[in-house]
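Enquirer: Here is the input, now give the coordinates:
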Amino acid sequence: MFVWEKGALNEEQEDAIKKEGSVLLIACPGSGKTRTLTYKIAYELSRLESKKEFVVAITYTNNAADEIKERVELLGVDTEQLWIGTIHSFCLEWILKPYHQYLDELKYGFRVISSFDSEKILTDLCKPYSKSKPKITYWDCGIIAKTDNYYLTCLDRNKHNVLNTIYSNYFKILKDNNQIDFEQILFYSYKLLKQKPIISRILCKIFPFILIDEYQTQKKFNII
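Expert: Numbers count the residues shown, from 1 in each chain. The predicted structure follows:
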């Protein structure tokens, strides 16, 4: 089992690492949250009882994932059974790719488009409204995937009707080409887990621990 040197962590950090079950760690910037997470990953990796189990660590960026993995390796812990990356990467690799055939929208396969491709499609769809009132540009386009639908992020509600039309056309273009964008990765992953609970049970067997570096909450603006 992974054991750290005395004094490497304070009492609160050690309690968070050793506590069984779910833990929410809230602290100010620079207080050692990532350090605690790193030691928690190392601790749980050393406690895995099967080679078929993995520890999952969800990070906000790929750079953060690389940094945390390097920190764990510097602690002398084998990271062979660690999966670390962004939530989009996790959903794509462990949910959509293996199980997409169970969703009618994705059963014939799919390709994830890049942010550049998405921007190009939306820019073209905005062109008819470039001189209208209110004027609509690509920079007004933004959505967040929630568990029930997609929501606009544009603060100007006067633009929402047009943006709804634009996004309706946008999603149709993607569907006709068997494509999905980054937000749809999350939306369809949740939909799969909701419709097929067996997938959740399978993943629980593989991943007894899921550790999250950061999370955010977003306000809903408008249903598309």
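
Enquirer: Output the lowest mean pLDDT helix or strand found in this structure.
Expert: Here the helix or strand of the chain ranked lowest by mean pLDDT, DSSP states H and E is strand 209-212, holding a mean of 89.

Enquirer: Note down every partner strand of that one and its orientation.
Expert: Next to strand 209-212 in the sheet, as set by DSSP bridges, lie strand 55-59 (parallel).

Enquirer: from the middle of its chain, how far away would the longest helix along the chain be?
Expert: Longest helix in the chain, counting residues (DSSP state H): helix 160-176. Centre-to-centre, helix 160-176 and its host chain are 23 Å apart (CA atoms, centre = their mean, to the nearest Å).

Enquirer: One more: stretch 177-191?
Expert: 12 Å.

Enquirer: Now do that stretch, average pLDDT.
Expert: Averaged across stretch 177-191, pLDDT comes to 96.

Enquirer: Can you tell me the centre-most residue of this structure?
Expert: I87 (2.2 Å; CA atoms, centre = their mean).

Enquirer: My guess is that one contacts L186. True?
Expert: Yes: I87 is within contact range of L186, at 6.9 Å (criterion: CB atoms under 8 Å). Backbone N, C-alpha and C define where each C-beta goes, glycine included.

Enquirer: shaky segments in this protein?
Expert: Along the chain, the model assigns pLDDT under 70 to residues 215-224.

Enquirer: the domain parsing of it - what is it?
Expert: 11-90+199-212, 101-185 (automatic domain parsing).

Enquirer: Turn those domains into CSV, including distance to M1.
Expert: Listed next are these as CSV, based on distance: least, CB to CB, whole Å:
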stretch, distance to M1
domain 11-90+199-212, 5
domain 101-185, 36
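
Enquirer: To which secondary structure element type does Q184 belong?
Expert: helix (DSSP: H, G, I helix; E, B strand; the rest coil).

Enquirer: on that earlier part again, for the residue nearest to the centre of the chain, phi and psi?
Expert: Main-chain dihedrals, I87, degrees, to the nearest 10: phi -60, psi -30.

Enquirer: contacting residues around K40?
Expert: 16-17, 211 (CB atoms under 8 Å, 6 or more residues apart in numbering).

Enquirer: Can you tell me the closest non-neighbouring residue to L174?
Expert: Closest residue in space to L174, ignoring its immediate chain neighbours: I180 at 6.2 Å, by CB to CB, 6 or more residues apart in numbering.

Enquirer: residues touching the one you found, list them.
Expert: Here I180 is in contact with 106, 110-113, 174, 188 (criterion: CB under 8 Å, 6+ apart).

Enquirer: run the last query once more with 7 Å
Expert: 110, 112, 174, 188 (CB atoms under 7 Å, 6 or more residues apart in numbering).

Enquirer: Now restrict those residues to buried residues only.
Expert: 110, 174, 188 (16 or more other CB atoms under 10 Å).
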